[in-house]
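A.B. asks: Any chance you can model this:
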Amino acid sequence: MKKSKTIALCSSVFFYRQVLSIEKELKKMGFKTKIPLTAYKMKKTNNFSVNDHKLWYKDSSFYHLKTKLIKNHIKKIIQSDAVLIVNLEKDGKKGYIGGNVLIEMAIAFHYKKPIFIFNKIEYDCPFLEEILAMKPVFINGSLEKIKL
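C.D. replies: Numbering: from 1, shown residues only. From the prediction side, this is the model:
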């Protein structure tokens with residue numbers, strides 16, 4: 001019997017509601033998934049308010065939580081067969097990829113994991129060169145294009 005492939009989903013916390021929907025579709029397709037801890041917490045509490053989860057925004061003494069979240073998701077990426085970057089529109093920027101997701105992509109790249117990007121990125125993205133150098137596969141919103 002063929003072992004199910006595991007995909008780690010990476011995105012801005014602003015997209016976690018959509019990440020959960022995409023996770024559900026991937027599972028229907030037979031994939032196992034790994035999502036950020038905060039996405040699980042948001043689902044469990046049905047609270048998708050970013051400010052309620054990013055406590056370090058208001059009080060820098062909570063940055064240890066951010067450190068824990070980064071380390072936890074890096075472990076998930078390493079344990080996965082591939083990553084899917086869920087890059088939607090944020091603050092008028094289509095295909096938004098922030099600094100933390102760039103870090104996650106770099107980890108996947110270092111460990112030779114295929115990198116799939118949900119939407120195209122704009123040419124004014126500050127990380128365009130780095131993203132393209134990691135040779136991702138752009139799936140243009142079509143999960144069926146994920147081949148492992």
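
A.B. asks: Now Ala8: which helix or strand?
C.D. replies: In the assignment (DSSP states H and E), Ala8 maps to strand 6-11.

A.B. asks: Which elements pack onto that strand?
C.D. replies: Packed against strand 6-11, as judged by 3 or more C-beta pairs under 8 Å, 6 or more residues apart in numbering; DSSP states H and E, are the following elements: helix 16-28, strand 32-34, helix 63-79, strand 82-86, helix 99-110. (Each C-beta comes from the backbone N, C-alpha and C, glycine too.)

A.B. asks: Now tabulate the ones you listed in JSON lines and tack on mean pLDDT.
C.D. replies: What follows is those, written out as JSON lines (pLDDT from 0 to 100):
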{"stretch": "helix 16-28", "mean pLDDT": "97"}
{"stretch": "strand 32-34", "mean pLDDT": "98"}
{"stretch": "helix 63-79", "mean pLDDT": "94"}
{"stretch": "strand 82-86", "mean pLDDT": "98"}
{"stretch": "helix 99-110", "mean pLDDT": "97"}
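
A.B. asks: So for the strand holding Ala8, what gets flagged as buried?
C.D. replies: Residues Thr6, Ile7, Ala8, Leu9, Cys10, Ser11 are the ones in strand 6-11 that count as buried (16 or more other C-beta atoms under 10 Å).

A.B. asks: How about the contacts made by the closest residue to Cys125 other than its chain neighbours?
C.D. replies: Counting by C-beta to C-beta, 6 or more residues apart in numbering, Ile97 is the residue found nearest to Cys125 once chain neighbours are left out, at 6.5 Å. Residues in contact with Ile97, defined by C-beta atoms under 8 Å, 6 or more residues apart in numbering, are Ser12, Ile85, Asn87, Met105, Ile117, Ile121, Cys125, Phe127, Ile131.
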